[in-house]
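Novice: sequence unavailable; structure follows:
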């Protein structure tokens, strides 16, 4: 059996492990267009801020490929997939055949499409090469402008602030982290980051990046100008689907997959930021470009490629970040729109604690936790498994909410809690 | 938990919504954070008495069954229990000691602001114990009486004076068991000795000394406090007043007294009437001075002066959280150290006054009898000065009050029942004999977040009233009933069975009698003795169809009280349980076998209505044994 | 796999001896008095939860398909050969993804990283919490052994 995996990040590596858990003999080839293997893209801002080194940036051991008998082709891009011939065409001219193919090409930062984007000093922060590029010019950088106030933009800003640069974040909407958090929690984080020196400018967008060969500044849509030497674009990502353009592999933004991570072409799977999956909560087909989703999808894809029949439960939006000692976690639907939602919340401004529960049809549909995050996973489990929480609703926001509080729900819904961890805990109760 | 699950009292619910919203920590929050609470402690099988420990007995039988010294769960639980009795008795007795000393100083003219208000009671009491009264000045009589009762504390042998008031049969039982208390301090000291490592490890031996000590409280320290307080501050008379947080007034300087000894609170009552201070208040823009109270000291000034009650034990932080309290003045017992924190969120000054009770973060202005009135005035002045520091935008006083009638004593109950010139308990006994009344129950005690606030007290009272049981109440329980309207005679009558209602309407007495503070449970002992002496209901207190209950207790004082009540022959229902369930022997004795020894025992029942049913069943048994007429109206 | 830790609810009395023992075992001096003097107090990785009759001491379940391993962006959470879920504190960056997905809420933040039960790597014969449990509620073994133990260890009703 010949397995070919395009992409060596979360989904790709997870698939390797899944395949090897069943199939010790099959031939596995991983093709990555980056020459740096096995590094965690999500930790890239820690690397930029120098809080971790290149070794710690890796999420698997150096000998991972040898250990798992993987033929790793690094620094080479797959230009085209040819599903009828079961071949892939590489940028160095080679063609490889496959029995099972996994497309885990991930995504790339969106381009703004404004003038000056190609000047020296404009970066998206996603790859080690981006960091190396920034490091080359960082000496002469005094002010950084980050375009985008979402998770990526804010993480970028945090890292650059840690490097001692003056950071300004330009946010198109009226608040930061507008996709992840609600107004109240956005406000808490804004206050924290502003207190620590990051300037937030809302309601504006960049229309031109000015300068000569190098970036010297920005023009905003209200006519104002900013001086800076470095511009970071953190405005979201687009899935890397060019390699399947014009093929039978159906694309709708991302690559369409069924419940088993299969694409519309035989023996071709997709996983990670490039793949469309069903969102557990909205029922919509979407990309939840989150590390755990990519890992899980890669795992399912790998198992299915190796002959299993594992269904993917669906993806869910979730995020965790910590700024200046304040942890924030959000899961599911945090800014409900439309009918049928109930929100209950708790705010302690003195201790910077904020908790919000979004409830729909007697089930938890989303949470936001600021500064009191330890039990996030317990809530997450209730969301994921769509458990009726009516009997514990009044205690959801209690400061002592914990797993034992939901034990009655686990006992009443044993069919949903079949994992061994739950079974063992239920054993403990003598049931 | 939501506020409406914490309490049945509307004012408390409103304030809990406020504290939740403003992130002000309350006892309920700290209770939640403490969960789950240690089972070894709850079961009474954790011993920290000596340094061989700390030791724990495994109640499930597999781990150690003996402490390092060899003490079993039985010994450990019994020792822990009687130490609680000692501590509770010490609190009440020390209170009594302070009152006796105050009487002595007053008789010598050395106590500023005190007087001998009830000379009649002084003379009656003096005569009862052989102190000469004819032709003598009240100060001289008072000196002798004070010295006589002060001596009770240091007595080594003999029998405590007040135990003489118990029925003969009861005294005979005590003598036979060797549990007639000899001296107040002696009994408490002996418990501390016996519970040292390697002294008394026999359950029955420990419990007998425990009962002796508790009797030294109920028929000793507490009774001394009650009787001498009546002499100093006046015997209560039925009086109208108001209760709950709504008694705090936005326009006035609000002073809240909290704690237990009227040697402080009664003088504050005088101080707030001082014309100079009233003028000062007006000058500061206040419309007068409003005095209110929390816990037992509040009950003391309620009974004698009709001063309004702001709330009971669990409401102490909430009163401050209204933002309207300019000064809270505290002395001893049931004062939460947490007051310092909640007061810190407001302009409220909390002042401690007793040299025995100091709190970190709370200003101390020491109070002594010699300068009582001037110190009291000084403190009232502090309150007035603090009035202008109020954050007037942040005053939230729940608009909840209830009317109540309090002020019942052993003496005036007899007067009400029999008439001014023929004070007697006859009508009460006859009512019980004839079957109009089933019996009488005393519901007393504290609050505890383990039980929905006030729910235990109020539901039990209602269930008993429904079944023609007359109720007497004291302490925080009385305050709970008052807040629920049960001390408003018109309202309370609606809950009464037909027989009880008839009696109350005929005699003109409320169905629930507020008899005062926790030390005033000694009044109930006198009532029971009088009922026996009046005749027709047996020869001993244990024959009476009566019962006691503490549905929300928390303090060691409650344990001491519980024991002197059962040792006096009265069946008493508790919630939560005493911390003894880890010992089969102690559990069996206190909840059952002890009734064969002293004629009274405990029962543990969580549901207040079921607990009331236990009491009713018990009273029926007693009625049957006395061959009384069947109940006239309510059958079961 | 290293022996798993179970907690018999019928036997747990919430004394929290397991929490203290866990913290002490993870201190520098590994003694309770010494631990009090250390620069930063040691942190427990076990939590006693519940109320009244249903109390349990709970910690990492070493799930077969561990959500924390899936979610870890640093490769700090992984399954070792024995199947235990291991947390490499040196690799951890404290991103909190594991906390976000742990269904039992047994991972906590500590300084800049996270903490969870590590099955007492410095002990050879037992686990600190199991050793400290005064009623034998905590038990180390397989699920079958635990089931058998529950059957044979007849617990007479003790009303709390």
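Specialist: On my side now, so go ahead. Since the structure is predicted, the reported quantities are computational estimates derived from the model, not experimental observations. Residues are numbered from 1 along each chain as shown, chains lettered A, B, ... in the order given.

Novice: immediately after the one helix or strand residue B:316 maps to, which helix or strand?
Specialist: Using DSSP states H and E, residue B:316 maps to helix B:316-321. Next helix or strand after helix B:316-321 toward the C-terminus (DSSP H and E): strand B:327-330.

Novice: what about the helix or strand just after that next one, near chain A?
Specialist: Sequence-wise, the next helix or strand downstream of strand B:327-330 (DSSP H and E) is helix B:339-344. No: Helix B:339-344 is not in contact with chain A by Cβ under 8 Å from any Cβ of the partner chain; minimum separation 12.5 Å. No exception for glycine: its C-beta is placed from N, CA and C like everyone else's.

Novice: got the buried residues for helix B:339-344?
Specialist: Residues of helix B:339-344 classed as buried under the neighbour-count rule (16 or more other Cβ atoms under 10 Å in any protein chain shown) are B:339, B:342, B:343.

Novice: mind checking the SS state of the nearest residue to the first one once chain neighbours are set aside?
Specialist: Using Cβ to Cβ, 6 or more residues apart in numbering or on different chains and skipping residues adjacent in sequence, the residue nearest residue B:339 is residue B:350, 5.1 Å away. Look at residue B:350: counting by DSSP: H, G, I helix; E, B strand; the rest coil, its state is strand.

Novice: report the beta-bridge partners for residue B:350.
Specialist: Residue B:350 forms beta bridges with residue B:328, as assigned by DSSP bridges.

Novice: so how far is chain A from it?
Specialist: 21 Å (Cβ to the nearest Cβ, to the nearest Å).

Novice: right, and that residue touches residue B:340 too?
Specialist: Yes: contact criterion Cβ atoms under 8 Å: residue B:350 and residue B:340 qualify, at 6.6 Å.

Novice: sorry, back to before: what's the closest of the buried residues of helix B:339-344 to chain C?
Specialist: residue B:342 (25.6 Å; Cβ to the nearest Cβ).

Novice: the residue in the stretch 301-450 of chain B that chain C sits nearest to: what's it in contact with?
Specialist: Of all residues in the stretch 301-450 of chain B, the one sitting closest to chain C is residue B:450 (10.1 Å; Cβ to the nearest Cβ). Applying Cβ atoms under 8 Å, 6 or more residues apart in numbering or on different chains, we find residue B:450 in contact with B:31, B:552, B:576.

Novice: how about 7 Å then?
Specialist: Neighbouring residues of residue B:450 by Cβ atoms under 7 Å, 6 or more residues apart in numbering or on different chains: residue B:576.

Novice: helix, strand, or coil at it?
Specialist: Using three-state DSSP, the structure places residue B:450 in coil.

Novice: relative to residue B:35, how far out is it?
Specialist: Distance of residue B:450 to residue B:35, given as Cβ to Cβ, to the nearest Å: 10 Å.

Novice: ok, now residue B:476?
Specialist: Plainly put, residue B:476 is 23 Å away from residue B:35 if you go by Cβ to Cβ.

Novice: when the two are compared, which one has more neighbours?
Specialist: residue B:476 (35 against 15; other Cβ atoms under 10 Å in any protein chain shown).

Novice: can you say which helix or strand has that one in it?
Specialist: helix B:475-483.

Novice: just how off-centre is that helix within its chain?
Specialist: How far helix B:475-483 lies from its chain's middle: 11 Å, per Cα atoms, centre = their mean, to the nearest Å.

Novice: buried sites along the helix or strand following that helix?
Specialist: Using DSSP H and E, the helix or strand that follows helix B:475-483 towards the C-terminus is helix B:489-493. Of all the residues in helix B:489-493, those buried under the rule 16+ other Cβ under 10 Å are B:489, B:492.

Novice: residue 122: how many residues sit nearby?
Specialist: As the question left the chain open, I've gone with chain A. The local packing of residue A:122 (other Cβ under 10 Å) involves 22 other residues.

Novice: my bad, the chain I had in mind was chain C
Specialist: For residue C:122, using other Cβ under 10 Å, the count is 9.
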